[in-house]
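Undergrad: Sequence and predicted structure below; questions after.
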Amino acid sequence: MASIDGAIGVALVDYTSGMALGTLGGSAELDLNVAAAGNTDVVRAKVRAIELLGLKEAIEDILITLSTQYHLIRPLTNRSGKGLFLYLAIDKNRANLAMARHQLKRVEAELEV
């Protein structure tokens, strides 16, 4: 996470339970455990919408844009990561969104679950 400019916090989340399996960073304003549980609902809703639409697509990432932050949700695609997602919050004024997405993809590739 230290390599992602503007990173506020990151979590590895089980979207079956909504539990954060691990967190790094965060702040008084950003409780990563609460964010993990809330974003689990976002992932479930998007997965359900894709199923209802009959799309043969996979979620690469989900972007939530706030006034001062970007929140990225990236479901893990490898077999051992099924049911897990990475959640990253970054400061809009200090971060480059394209680079953050690229680095999060790299983190996913290097992650051993």
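TA: Done, it's in.
Undergrad: List the buried residues for the longest helix seen in the chain?
TA: Scanning the chain for the longest helix, with DSSP state H as the assignment, gives helix 32-53. By neighbour count on 16 or more other Cβ atoms under 10 Å, the buried set for helix 32-53 is 32, 35-37, 39-40, 42-43. Using the backbone N, CA and C atoms, a C-beta is placed for each residue, glycine as well.
Undergrad: pLDDT below threshold where in the chain?
TA: Along the chain, the model assigns pLDDT under 70 to residues 1-2, 79-81.
Undergrad: all helices of it, in order?
TA: 32-53, 97-110.
Undergrad: Report all helices and strands that the last one contacts.
TA: It stands for helix 97-110. Other helices and strands packing on helix 97-110, by 3 or more Cβ pairs under 8 Å, 6 or more residues apart in numbering; DSSP states H and E, are strand 69-75, strand 84-91.
Undergrad: Recalculate using a threshold of 6 Å.
TA: Counting contacts by 3 or more Cβ pairs under 6 Å, 6 or more residues apart in numbering; DSSP states H and E, helix 97-110 packs against strand 69-75.
Undergrad: what angle do the strand it packs on and helix 97-110 make?
TA: For strand 69-75 against helix 97-110, the angle by axes from the mean of the first three to the mean of the last three Cα atoms, to 10 degrees is 30 degrees.
Undergrad: Strand 69-75: partners in the sheet, and parallel or antiparallel?
TA: Sheet pairing for strand 69-75, assigned by DSSP bridges, gives strand 62-65 (antiparallel), strand 84-91 (antiparallel).
Undergrad: nearest spatial neighbour of residue 63, skipping sequence neighbours?
TA: residue 72 (6.0 Å; Cβ to Cβ, 6 or more residues apart in numbering).
Undergrad: Quick check: the one you found touching residue 86?
TA: No - the pair residue 72 / residue 86 is not scored as a contact, 7.7 Å apart, by Cβ atoms under 6 Å.
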